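This is a predicted model, with the sequence first.
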Amino acid sequence: MSATGSPALVPTRPRTGISATLAHAGTVVAGNPVTGFAFALLLGLMACAVLGPSLVPYDPLASDTAIALQAPTLAHPFGTDQLGRDILSRVVVAARLDLAIAVFSVALVFVAGGLAGIMAGFFGGWTDRIVGRLADTIMAFPLFVLAMGIVAALGNTVGNIVLATAIINFPLYARLARAEAAQRRNAGFVMAARLTGNTDLRIVLTCILPNILPLMMVQMSLTMGYAILNAAGLSFIGLGVRPPTPEWGIMVAEGAGFIVSGEWWIALFPGLALMLAVFCFNLIGDGLRDIVDPQRRT
Amino acid sequence: MTAIPLLAIRDLTVEFATRRGTVQAVRRVDVSVAKGETVGIVGESGSGKSVTSYAVMRILDRAGRIAGGAVDFSGIDLRAATERQMRDLRGREISMIFQNPRAALNPIRKVGHQIEDVLRQHAEAGSGDAKAKAIAALEQVKIARATERYHAYPFELSGGMCQRVVIALALACRPQLLIADEPTTGLDVTTQKAVMDLVTGLTRERGMATVLITHDLGLAATYCDRIVVMEQGRVVETAPATTIFRAPAHAYTRKLMQATPRPGVTLRDLLPEGAPAAPLERAKAAGTPLLAVSGLVKAYPKKAGLLTRKAAEAPFRAVDSLSFTVARGESVGLVGESGCGKSTTSTMVMRLLDPTEGSIVFAGEEIGRVPAARFARHRLRPKIQMVFQDPTESLNPRWTAARAIADPLLRFRTVTGSDAVRARCEELARLVGLPVDLLDRFPHQLSGGQKARVGIARAIAPAPDLVILDEPTAALDVSVQALVLNLLADLKQALGMSYLFVSHDLQVVRLLCDRVIVMRAGRIVEEGPTAAVLSAPQAEYTRALLAAIPRPPV
């Protein structure tokens, strides 16, 4: 009908969904090498998480007071801590626990928050009010303090860290899913699905969910970094993971006291690992956003 | 025509950098506009008509680039002008009005203030006289009670009013050239007439030149002095408006003209010459009506105020005691302007919305009492289907064409087994003229016309008795519209369905419908056989609707 700014592009050869997405992802990565770097970093982190214990040169728990508080050397590239444990080994092994907490908490909130948000947006009315107020209530608290409270109340376990991290991220997911579902609730293709005898549940599963999934994936990646930070933060203040388990947050906490006396490496290297992980997930989130954004598909 | 044109576009080429290489959206285009002249640029989507105007204004997006040619505006080379010079020219010398008036206005600023902003920006007014000048500008675009409307926000005004404000903005600094890009698309036909009369009247009064960009050849021929027809980035014909309808020179112009619905032609006349088409027979409407609607009401309670909890006023009746019937094999047109309740009516008949009062009897069964939420599993659900207005929006972006067409087959279990479903999809695709190899494409890989065909195939898949057509061609180019309308007529004849055709376009309704119902403010104004209503309208409103249709000089 009306000509917009775009020229007449004849649809070229048809491409099926996955190969088209991959080709598009390739172009995005080529256009933005930082995204490629982030994906490489992610591979590295995952290798540490999966293969960690068999990669490292020393037992992360073995202490040897004879070599305590050594600055980085060739034998111990990241130095040793106050009990003589090799920090490199501990940092690498810790990746598994930190990533596991993040992955499980994000998966949990993705399912719970995403579904609650979709229901709220699609059905509106009371469902919307209940989910909306729930999200508002959670957002009314300082989130880290809320997470502390949940872990303190439910018990000091890794499972509860996962739960607490999921709960404080709930509003982000519920609100995003709600907004996207509400936008599509009266879309033509949803009406058409009603006409062809689809029930509400089926419409949610076939018409709403697949269309907002890409956006949710971006959100997942962005909150993953935050979840890692949150888990480490809880450990830092002594909740959740307990020593001597290698975990970045505790290691930073343990090392913090030594910085004043000049042993900077104990806190620095786990801190760097933490930073890299958060950085990696945020970059991937940005990259994913470019990949799923249809506006970028010229 | 004067010797020196106000705007001269010579050999203009505009390129867009895309992933598949460079695309030339505009190729060696020549257009000249003299002082006081109104030039229409006509073409279908992708013809480059808008891009040409963006190039003149130098507001191409980042991927676009003027690759060649010259643009000269009263002696200034617009291609070489600096951005600062262009900013000064835009609004003061060259103004533009866009398609969606609401998007062109700042939603949180009073319209009067927005006009003042433009006046001050170009130093046409100081702080003392800005308000008076803004009100004068509103009065000039024939906005009643301008002093009051000065304080209105865009959302408080109707679409036509907003477009008037946009025109007031565009003309506030008395520019020499006005570029109007589809200024009336999306407006009602009576509003379209008012807006176009206003634009042509004002520009004539001020001796301004106007470029009207539109897809509607009839509109351009009615209001312009000269018409430039564009196809795929090229100018194919330039001719005075008075002769273009009588003697179109280029084949594309002829095709475009032929596809435009106009008085005195039949559905088959819209098709290009040589297209195979069997003559259409008028179906005889007989027996008990397929659909009988009586006393249908949809009332919405008025929003209660913040302090007054109870709604004091009577509820707003979007549809008010409507009664009509549709016989088997008949097509009935439901015509009216936006807000007349025609879409609410069709949504209720479709059983996607519950009526407040009244009955809907379909195939002898009262279905108005079945809650819309439960109708999805109703026995009669397959028998009432719909073709939606926007073919893009009505297809799930994650489904291929085949999956979309198969959906009703799978849900209603009319066909079982994946091979049988696939076979039926291919049969339906052939029926609606969709190449079978396109079935595995996703909506974004299909053109507008192909998407419309997918939507039609989906609607006829469960073998419905009644199909509701909600402006099925409003989002399509005229040549595609001609094909789709003919397809709908063929399908109706082949499958014996009834149509309820919801539209604002009387010309289109005339082509497809046996009977027409004219609605206004939720009520029926006039009803009768299409030919009778259109040739001898009884109601004042129908006459006004008919009078507002652009009449190109033939």
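Noted; the coordinates are in hand.

Spatially central residue in chain A, please.
residue A:224 (1.1 Å; CA atoms, centre = their mean).

How many residues are close by the residue nearest to that one when sequence neighbours are not counted?
Using CB to CB, 6 or more residues apart in numbering or on different chains and skipping residues adjacent in sequence, the residue nearest residue A:224 is residue A:281, 4.2 Å away. For the C-beta atoms, the positions are set from N, CA and C on the backbone; glycine is no exception. Burial measure for residue A:281: 27 neighbouring residues, criterion other CB atoms under 10 Å in any protein chain shown.

For whatever helix or strand residue A:281 lives in, the averaged confidence score.
Assessed by DSSP states H and E, residue A:281 sits inside helix A:265-292. For helix A:265-292, the mean pLDDT works out to 87.

what do you get for stretch B:46-56?
According to the model, stretch B:46-56 has a mean pLDDT of 88.

does any part of that stretch sit near chain A?
Yes - using CB under 8 Å from any CB of the partner chain, stretch B:46-56 reaches chain A at B:46-51, B:54.

which residue does the stretch 101-250 of chain A bring closest to chain B?
residue A:188 (3.2 Å; CB to the nearest CB).

Return the list of helices and strands in contact with the lowest-mean-pLDDT helix or strand in chain A.
Sorting the helices and strands of chain A by mean pLDDT, DSSP states H and E puts helix A:17-31 at the bottom, at a mean of 72. When contacts are defined as 3 or more CB pairs under 8 Å, 6 or more residues apart in numbering or on different chains; DSSP states H and E, helix A:17-31 sits against helix A:33-55, helix A:265-292.

Name the residues of it that come out as buried.
Buried positions in helix A:17-31, judged by neighbour count with 16 or more other CB atoms under 10 Å in any protein chain shown: A:24-25, A:27-29.

Residue A:163: which of the residues you listed is nearest?
residue A:25 (33.2 Å; CB to CB).

my read: that closest one touches residue A:290, true?
No - using CB atoms under 8 Å, residue A:25 is not in contact with residue A:290; the gap is 9.1 Å.

Let me see the ranges of the helices in chain A.
A:17-31, A:33-55, A:87-123, A:125-139, A:143-154, A:158-185, A:188-195, A:200-203, A:209-236, A:248-259, A:265-292 (DSSP state H).

Confirm residue B:324 sits in a helix?
No - under DSSP: H, G, I helix; E, B strand; the rest coil, residue B:324 sits outside any helix and is assigned strand.

do stretch B:508-528 and chain A meet?
No - shown here: stretch B:508-528 not in contact with chain A (CB under 8 Å from any CB), separated by at least 13.3 Å.

what about that stretch, start to end distance?
16 Å (CA to CA, to the nearest Å).

Which strands or helices does the helix holding residue A:281 pack on?
helix A:17-31, helix A:33-55, helix A:87-123, helix A:209-236, helix A:248-259.

Just give the number of residues close to the nearest residue to residue A:280 once chain neighbours are set aside.
In space, and not counting its chain neighbours, residue A:280 is closest to residue A:41: 4.2 Å by CB to CB, 6+ apart. If you count neighbours by other CB under 10 Å, residue A:41 ends up with 17.

Would you mind measuring from residue B:486 to chain A?
Residue B:486 sits 18 Å away from chain A, taking CB to the nearest CB, to the nearest Å as the criterion.

For that residue, what is the enclosing helix or strand?
Using DSSP H and E, residue B:486 falls in helix B:478-495.

Check which helices and strands that helix is in contact with.
helix B:251-259, helix B:448-460, strand B:498-503, helix B:506-512.

Following element in sequence after the first one, please.
Just to be clear, that refers to helix B:251-259. Later in the chain than helix B:251-259, the nearest helix or strand by DSSP H and E is strand B:291-300.

who's in contact with that following strand?
Strand B:291-300 is contacted from outside by B:315-326, B:341, B:344-345, B:348-349, B:353, B:355-362, B:368, B:466, B:498, B:500, B:522, using CB atoms under 8 Å, 6 or more residues apart in numbering or on different chains.

so what's the closest residue to residue B:434 other than its chain neighbours up against?
Distance criterion CB to CB, 6+ apart; nearest residue to residue B:434, sequence neighbours excluded, is residue B:453 at 4.4 Å. For residue B:453, the contact set (CB under 8 Å, 6+ apart) comprises B:429, B:432-434, B:484, B:487.

can you list the residues of the stretch 401-550 of chain B near chain A?
Residues of the stretch 401-550 of chain B lying near chain A (CB under 8 Å from any CB): B:407-408, B:411-412, B:438, B:440-442, B:444-448, B:455, B:458-459, B:461-462, B:474-477.

number of nearby residues for residue B:104?
For residue B:104, using other CB under 10 Å, the count is 18.

mind checking pLDDT for it?
pLDDT at residue B:104 comes out at 85.

just residue B:274 next, same as before
Predicted confidence (pLDDT) for residue B:274: 65.

do the one 10 residues further on as well
At residue B:284, the model reports a pLDDT of 59.
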